[in-house]
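Asks: got a sequence here, can you build the structure:
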Amino acid sequence: MTVPSELHKLWKLATDPAFRARKRLIREFRAAHGRGTPLRYEGLKPGDVVLDLGGYLGDWAAAMTERYGVTVHVFEPHPRFAAAMNGRFAGRADIRVHDFAVGAREGSLDLTDDDNASSALVREGPKVTGTVRPVEEIFDDLGLDKLAVVKMNIEGGEYDLLPALIDSGLIARIDRLTVQFHHYTDAQIGQREAIRDVLSRTHDCVWQYPFIWEEWARKPR
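Replies: Residues are numbered from 1 along each chain as shown. A predicted model of the protein is given here:
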């Protein structure tokens with residue numbers, strides 16, 4: 001951290017109420033769930049199936065298998081990150097790496113090449129190309145009838161994928177959803193609320209830290 005960036009942060013804390021509120025939410029989230037992607041799931045059993053949407057380098061998938069003995073399907077469209085995971089998890093039956101994104105329809109993504117913040121919604125910086133496959137096709141191909149957990153950190157792709165899961169009825173196959181909504185534009189504030197409103201028909205919000213992480217649990221059938 002450079003001196004100018006530290007001074008800028010102090011200035012924002014002193015003058016920007018929204019920045020202070022965001023920092024407070026981050027502190028509250030970390031106090032409750034730790035600094036990284038949430039890992040606490042009561043009741044998971046060995047052999048339960050978990051999806052990791054936006055796997056990056058596979059740390060969350062590895063931690064989930066070590067803690068709970070689950071089987072994880074990891075989806076990562078960034079070619080470099082997917083290749084790294086294929087090497088890391090070669091020969092393991094409990095972690096399957098898929099080198100494409102899950103979306104509403106088939107297509108491709110021009111992704112920024114920005115490590116774990118690589119996104120199709122950011123326009124600046126070097127780009128790589130990734131593949132998208134339709135969510136209904138993936139569920140059919142992999143026989144995903146019941147999912148214990150879906151972790152979704154797909155850098156804005158949630159605004160496309162979640163409506164597709166809801167409209168197709170596939171959302172009912174997901175017991176728990178842990179999702180990070182991203183805030184690149186003000187329009188996404190309304191988009192998030194609209195998705196949450198429809199999602200609440202099948203799932204209850206267990207906890208939320210807006211645009212950080214939130215968790216939903218399927219309502220009793």
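Asks: around the residue lying closest to residue 103 once chain neighbours are set aside, count how many other residues there are.
Replies: Distances taken as C-beta to C-beta, 6 or more residues apart in numbering place residue 132 nearest to residue 103, at 4.1 Å, with adjacent residues excluded. For the C-beta atoms, the positions are set from N, CA and C on the backbone; glycine is no exception. The number of residues packed near residue 132 is 21, by other C-beta atoms under 10 Å.
Asks: quick check, distance from the helix or strand containing residue 132 to the centre of its chain.
Replies: According to DSSP states H and E, residue 132 maps onto strand 127-134. Centre-to-centre, strand 127-134 and its host chain are 16 Å apart (C-alpha atoms, centre = their mean, to the nearest Å).
Asks: may I see the buried residues of it?
Replies: 130-134 (16 or more other C-beta atoms under 10 Å).
Asks: correct me, but the residue nearest to residue 103 touches residue 102?
Replies: Yes - with contacts counted by C-beta atoms under 8 Å, residue 132 reaches residue 102, the gap being 7.5 Å.
Asks: how about the helices in this structure?
Replies: Ranges of helices in the chain, per DSSP state H, are 3-15, 17-33, 59-68, 79-88, 135-142, 158-168, 187-199.
Asks: between these, which one is nearest to residue 52?
Replies: helix 59-68 (4.7 Å; C-beta to C-beta).
Asks: what angle do helix 79-88 and the closest one make with each other?
Replies: Orientation check (axes from the mean of the first three to the mean of the last three C-alpha atoms, to 10 degrees): helix 59-68 against helix 79-88 gives 30 degrees.
Asks: average pLDDT across helix 59-68?
Replies: Taken as a whole, helix 59-68 has a mean pLDDT of 98.
Asks: which strands and helices lie in contact with that helix?
Replies: Here helix 59-68 touches strand 49-53, strand 71-75, strand 95-98, going by 3 or more C-beta pairs under 8 Å, 6 or more residues apart in numbering; DSSP states H and E.
Asks: same thing but at 7 Å, please
Replies: strand 49-53, strand 71-75 (3 or more C-beta pairs under 7 Å, 6 or more residues apart in numbering; DSSP states H and E).
Asks: for the ones you listed, give me CSV that also has distance to residue 112.
Replies: CSV is the format used below for the helices and strands packed on helix 59-68 (distance: least, C-beta to C-beta, whole Å):
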stretch, distance to residue 112
strand 49-53, 18
strand 71-75, 18
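Asks: tabulate those strands (JSON lines), appending mean pLDDT.
Replies: Formatted as JSON lines, the helices and strands packed on helix 59-68 follow (pLDDT from 0 to 100):
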{"stretch": "strand 49-53", "mean pLDDT": "98"}
{"stretch": "strand 71-75", "mean pLDDT": "98"}
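Asks: out of these, nearest to residue 206?
Replies: strand 49-53 (16.6 Å).
Asks: and that closest one, how far out from the chain's middle?
Replies: That offset, for strand 49-53, works out to 10 Å (C-alpha atoms, centre = their mean).
Asks: what does that strand rub up against?
Replies: 60-61, 64, 70-75, 102, 144, 146-152, 154 (C-beta atoms under 7 Å, 6 or more residues apart in numbering).
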